[in-house]
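A.B. asks: below are the sequence and a predicted model for it; my questions follow.
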Number of protein chains: 2
Amino acid sequence: MDPYPKPLRELITQLKRLPGIGEKTAARLALYILGDKSELASAMAQALMQVKEQIRLCPVCHNLTDRPRCAICLDPSRDACTICVVEDPSDVLALESSHEYKGLYHVLHGLISPINGIGPEDIKLPELLERVKNTSVKEIVIATNPSVEGEGTAHYILRLITQIRPGVHISRIAAGIPMGGELKYMDQVTLASALRYRRGLKDQ
Amino acid sequence: MDPYPKPLRELITQLKRLPGIGEKTAARLALYILGDKSELASAMAQALMQVKEQIRLCPVCHNLTDRPRCAICLDPSRDACTICVVEDPSDVLALESSHEYKGLYHVLHGLISPINGIGPEDIKLPELLERVKNTSVKEIVIATNPSVEGEGTAHYILRLITQIRPGVHISRIAAGIPMGGELKYMDQVTLASALRYRRGLKDQ
């Protein structure tokens, strides 16, 4: 017999659908929500409904927004000549937290992955090509993850854009040893990449 | 500038109120909920509303239920002569998962804690005394945690029930080394308790 009353079991079932949350954590969270004296449950329910209703994709860069266009695209202080191509909206958030990049973004919402049946038409690649054709972009920074799919997608984008507008400068974010990382713990591919893309110290 | 659109920030704020969930986990969960193609957000919102609407306390044992009385109190196969006293509904769930106990429960919803200004009247202790007076209970198993408040509450219950109905047998769950635990890693109080409450092996 399930020791939980039905509505509590239902909440646990729903919480368990979240990544990294198992039966025990879900039960702990559900009991916490139930025991909360304030309006936690209703505030959370409302936030869940609103996020689904109000969040849409920016028609230009396909980043998440609750406006007709996203805050980054609308910001006049951003450099409209540079577009950084990323896989997911969470990548935009990660890059923004570095405060290093001042250009615009293009979110692909996926990577080309023949093994999973995902082709160039299944992600926002045609939209990127349209953007490159119709705007005064001068540089494309390809910031997909350094994985098999990420590298494959990067090379595909490089080839296409070189065909359409050969004048556009195309760069790739650096792959190497992360700050604070130690050589002895790095995998072979990262070390090989760090060596291959070494930079002359005098250039800086 | 907050990189998150307002409804997404609101969902992250609400998720962060849950215990053990910080900014990074909340953001990861919120983006997962947003990216989910099925009805995760609305199903979760509905579960949150229903749990608050439908879950109440059993008027007899004060355990969580969605019925007029809880499933354990209504179960005719349970031994109505034994009442196990616990602090929280989650303790009932933990004990039920052991399949060892076949009696009824009484959930105090707290422990006596003078330092936090919680007296015997602030928890479901008067209700326990009423129950002991008016039912044919023969044994009370006090299963509060082996903490300062748990021990204090246990002794308080022992004194009160001995006054009201001296014939009731009152027991305390065993404190000692948990199964699979190692002596060398145990704290002094646990070791002292394990020694003090040692049992004769021939008794079994």
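C.D. replies: Looks like it came in fine. Every value quoted in this text rests on a predicted model; they were computed, and no experiment measured them. Numbering: from 1, shown residues only, chains lettered A, B, ... in the order given.

A.B. asks: other residues contacting stretch A:63-74?
C.D. replies: A:54-61, A:78, A:89, A:92, A:96, A:104-105, A:107, B:1, B:4-8, B:34 (C-beta atoms under 8 Å, 6 or more residues apart in numbering or on different chains). All C-beta spots, glycine's among them, are computed from the backbone N, C-alpha and C.

A.B. asks: could you work out the end-to-end span of that stretch for me?
C.D. replies: 12 Å (C-alpha to C-alpha, to the nearest Å).

A.B. asks: one more: stretch A:110-117?
C.D. replies: 12 Å.

A.B. asks: pull out the buried positions in stretch A:97-116.
C.D. replies: A:101, A:103-113 (16 or more other C-beta atoms under 10 Å in any protein chain shown).

A.B. asks: I should have written stretch A:146-166 there, sorry.
C.D. replies: Those would be A:146, A:149-151, A:153-154, A:156-157, A:160-161, for stretch A:146-166 by 16+ other C-beta under 10 Å.

A.B. asks: need the CA coordinates for it. PDB is fine.
C.D. replies: Taking C-alpha atoms only, stretch A:146-166 is exported to PDB below (Å, rounded to 0.1, in the frame of the first residue of the first chain):
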ATOM      1  CA  PRO A 146      33.500  21.300 -27.900                       C
ATOM      2  CA  SER A 147      31.700  17.900 -28.400                       C
ATOM      3  CA  VAL A 148      31.400  15.800 -31.500                       C
ATOM      4  CA  GLU A 149      28.000  17.400 -32.400                       C
ATOM      5  CA  GLY A 150      29.300  20.900 -31.400                       C
ATOM      6  CA  GLU A 151      32.400  20.600 -33.600                       C
ATOM      7  CA  GLY A 152      30.400  19.100 -36.500                       C
ATOM      8  CA  THR A 153      27.800  21.900 -36.300                       C
ATOM      9  CA  ALA A 154      30.600  24.500 -36.200                       C
ATOM     10  CA  HIS A 155      32.200  23.200 -39.300                       C
ATOM     11  CA  TYR A 156      28.900  23.000 -41.100                       C
ATOM     12  CA  ILE A 157      28.100  26.700 -40.200                       C
ATOM     13  CA  LEU A 158      31.700  27.700 -41.300                       C
ATOM     14  CA  ARG A 159      31.200  26.000 -44.800                       C
ATOM     15  CA  LEU A 160      27.700  27.500 -45.400                       C
ATOM     16  CA  ILE A 161      28.500  31.100 -44.300                       C
ATOM     17  CA  THR A 162      31.800  31.100 -46.300                       C
ATOM     18  CA  GLN A 163      29.700  30.200 -49.400                       C
ATOM     19  CA  ILE A 164      27.000  32.900 -48.800                       C
ATOM     20  CA  ARG A 165      29.200  35.800 -47.600                       C
ATOM     21  CA  PRO A 166      32.900  35.000 -47.800                       C
END
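
A.B. asks: other residues contacting stretch A:80-96?
C.D. replies: A:61, A:63-64, A:72, A:101-111, A:128, A:131-132, A:135-145, A:150, A:153, A:157, B:3-4, B:27-28, B:31.

A.B. asks: just curious, which of the buried residues of stretch A:146-166 is nearest to chain B?
C.D. replies: For the buried residues of stretch A:146-166, the residue nearest chain B by C-beta to the nearest C-beta is residue A:149; the value is 17.1 Å.
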